[in-house]
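> sharing a sequence plus its predicted fold:
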2 protein chains.
Amino acid sequence: MTRQKIEIKKIDNPTARQVTFSKRRRGLFKKAQELSTLCDAEVALIVFSTTGRLFDYSSSSMKQVIDRHNLHSQNLHKFDQPSLQLQLESSTYAILSKEMADRTRELRQMKGEELQELNMEELMRLEKSLEGGLSRVVQTKGERLLNEIDALRRKEAQLTEENLRLKQHTGINTNVQGHSFNTFICSSSGDNSQDRESSNTSLKLGKLHTCGTTYFHHLPY
Amino acid sequence: MTRQKIEIKKIDNPTARQVTFSKRRRGLFKKAQELSTLCDAEVALIVFSTTGRLFDYSSSSMKQVIDRHNLHSQNLHKFDQPSLQLQLESSTYAILSKEMADRTRELRQMKGEELQELNMEELMRLEKSLEGGLSRVVQTKGERLLNEIDALRRKEAQLTEENLRLKQHTGINTNVQGHSFNTFICSSSGDNSQDRESSNTSLKLGKLHTCGTTYFHHLPY
DNA sequence: GATGCTATTTATAAGTA
DNA sequence: TTACTTATAAATAGCAT
């Protein structure tokens, strides 16, 4: 394909054939890998040289891909096993397979793909579902963060107290100020410096919920 | 590899990913075939798209290549003689079940359930995913609605013009008022009785409005 | 989804080391 | 066999349809 265009037919010269095999094999495997990475596809490639050497590649596991391939192609000739057991298996497989397809599609749609096949009503239902999920996720995240903050604040209080006790014991007089985490994080509103107990958690939760999406994005998480 | 060099990592845009998949898949299969022809090699290639579609190629027969591959790699697990067919099937079944479970869980999590088993990082990733999906859904909805509105406007203009012409021809002086569609959509109580065309679309719009999630607020997505 | 169109990037046939 | 080089053929990313 370069210095000179070549015809696609078996290369006569064994040496040249071997060289070409080596080069093109690499190219092929590279392309296979790129396809799987770029397009999130499952790829398996098996090559035997004339001399019988094996080269293979699989984006996941060769066994998995081959199994999956068997599944797909067995649909074309699934008549060849009168075994009842097998029949049952294949029918459960069919059911599973269908459910799988449904779920996959639903998942992709929740990620905003394949929307063209939805009508307006379904689109709105999807939107509602996403809003619901998002709101719950955001709330969970908020709760999680508040809990951590609360825990930290307790620890702060505890440490401060301990500190104080130590200072009294040693008679050293250092002035250590404890920052309120509230103030630190949500400096928007009033002065919260005196609430060191969890009582304000519920309050904050409500606030989170109301405020909606981006809340703690500036937190060091 | 052309207009611009691309990085080999999963393509974010689903549409672009699909296009690339289609193009590169062809290229890959062509190369596989060329290798087998030029170098007299035995080649098997299996590709599953993200959507689960199967594409395969084999220079001889897929079964033959896979069997040969098993021979070579069986050094690693040559103990599984009982029934290769059954083993394959039951393992595929296991794989399918597992995938099914994964997908079900992911789906539930997108709907805001079972969030407790996610750590903060996963939670944030989920949030991002939801935001992305929601934004795409909202955008699709908006585009769809705008298109309909546009179509209706055109029809309105056309009908109005025709109406005028007819009136001039017949000399009849009927007073028909053309509603602005804007007005039409936003007024909940209006009298729509004179819309004789595409009444079903108008209806849909009305219904949508009633369904009333946020309406055009999201359009600029 | 696919197809067609470039401007570029890649792959690679031949040859050389 | 493997590793470079180079001129050229192929593949393909980004767009438009």
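Perfect, I can see it now. Residues are numbered from 1 along each chain as shown, chains lettered A, B, ... in the order given.
> residue A:110 against residue A:126, yeah?
Yes: counting by Cβ atoms under 8 Å, residue A:110 touches residue A:126, with 7.0 Å between them. The way it works is simple: take the backbone N, C-alpha and C, and place the C-beta from them, glycine included.
> so which elements touch the longest strand out of those in chain A?
As assigned by DSSP state E, the longest strand anywhere in chain A is strand A:42-48. With contacts taken as 3 or more Cβ pairs under 8 Å, 6 or more residues apart in numbering or on different chains; DSSP states H and E, strand A:42-48 sits against helix A:14-39, strand A:54-58, helix A:62-74, strand B:42-48, helix B:62-73.
> quick one, the second one and strand A:42-48 angle?
Strand A:54-58 and strand A:42-48 meet at an angle of 180 degrees, taking axes from the mean of the first three to the mean of the last three Cα atoms, to 10 degrees as the criterion.
> list the neighbouring strands of strand A:54-58 plus their orientation.
Applying DSSP bridges, strand A:54-58 is found paired with strand A:42-48 (antiparallel).
> pretty sure residue A:25 is touching residue A:55, no?
Yes: Residue A:25 is within contact range of residue A:55, at 6.1 Å (criterion: Cβ under 8 Å).
> mind listing what whichever residue of chain A sits closest to DNA strand C touches?
Residue nearest to DNA strand C within chain A: residue A:27 (2.1 Å; Cβ to the nearest atom of the strand). The contact partners of residue A:27, taken as Cβ atoms under 8 Å, 6 or more residues apart in numbering or on different chains, are residue B:31.
> which pLDDT value does the model give it?
At residue A:27, the model reports a pLDDT of 89.
> just residue A:44 next, same as before
The model's pLDDT for residue A:44 equals 94.
> wait, doesn't it sit right on residue A:58?
Yes: counting by Cβ under 8 Å, residue A:58 is a contact partner of residue A:44 at 4.4 Å.
> what do the two both touch?
The contact sets of residue A:44 and residue A:58 overlap at residue A:65 (Cβ under 8 Å, 6+ apart).
> so is the longest helix seen in chain A next to chain B?
Across chain A, the longest stretch assigned as helix under DSSP state H is helix A:120-170. Yes: using Cβ under 8 Å from any Cβ of the partner chain, helix A:120-170 reaches chain B at A:120, A:123-124, A:126-138, A:140-141, A:144-145.
> which bits of chain A sit near DNA strand D?
When proximity is defined by Cβ under 7 Å from any atom of the strand, chain A lies next to DNA strand D at A:1-5, A:15, A:18-19, A:22, A:31.
> any chance of CSV for these, columns distance to residue B:10 and neighbour count?
Output for these, formatted as CSV (distance: Cβ to Cβ, whole Å; neighbours: other Cβ atoms under 10 Å in any protein chain shown):
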residue, distance to residue B:10, neighbour count
A:1, 29, 8
A:2, 31, 5
A:3, 36, 5
A:4, 38, 5
A:5, 35, 6
A:15, 40, 8
A:18, 35, 15
A:19, 34, 13
A:22, 30, 12
A:31, 16, 20
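> residue B:163: which of those is nearest?
Ranked by distance to residue B:163 (Cβ to Cβ), the residues of chain A next to DNA strand D are led by residue A:31 at 61.7 Å.
> could you double-check that that closest one lies in contact with residue B:24?
Yes: with contacts counted by Cβ under 8 Å, residue A:31 reaches residue B:24, the gap being 7.1 Å.
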